[in-house]
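Participant: Here's a sequence, model it:
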Amino acid sequence: MAKKRAHSSHWLNQRWWRFAVAEWIGLSLSFLSVVLIFCVFFIRRHTLEYHLEHTFAVRDPEFFGSALALSDAVPVAGNKIELLANGDEYFPAML
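Facilitator: Residues are numbered from 1 along each chain as shown. Have a look, this model is predicted:
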């Protein structure tokens, strides 16, 4: 018959220690989930709202500079802005 191994009384072998670790892991996960839910639902990102005042029409030469500043495009000689109406002119130009 094989000899039985003597039961070690080392603290890692104690059952209560494993329960305490599981308890701490559960508490940590629940705390982190509460913090995550708080961050998602209650912390709002501040946005800066601004509105451009239009002092000129689309056909005026000043419109090109305004559109250029908003689109961050590089001006090239020969470029032009073409005004497209919604629907009939806009969608074929996208394709």
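Participant: Please count neighbours and contacts with C-alpha atoms only from this point.
Facilitator: Fine.
Participant: all helices for this structure, in order.
Facilitator: 15-42, 62-71, 90-94 (DSSP state H).
Participant: Distance-wise, check Gly26 relative to Val76.
Facilitator: 62 Å (Cα to Cα, to the nearest Å).
Participant: More neighbours: those two, which one.
Facilitator: Under the criterion of other Cα atoms under 10 Å, the comparison of Gly26 against Val76 puts Gly26 first, with 12 against 7.
Participant: What ranges in this protein fall below the confidence cut-off?
Facilitator: Within the chain, the stretches with pLDDT under 70 are 1-18, 52, 87, 90, 93, 95.
Participant: Would you map out the domains in it?
Facilitator: Domain ranges of the chain: 11-42, 62-94, per automatic domain parsing.
Participant: Indicate which one of those is closest to His51.
Facilitator: With Cα to Cα, the closest approach to His51 among these belongs to domain 62-94: 12.2 Å.
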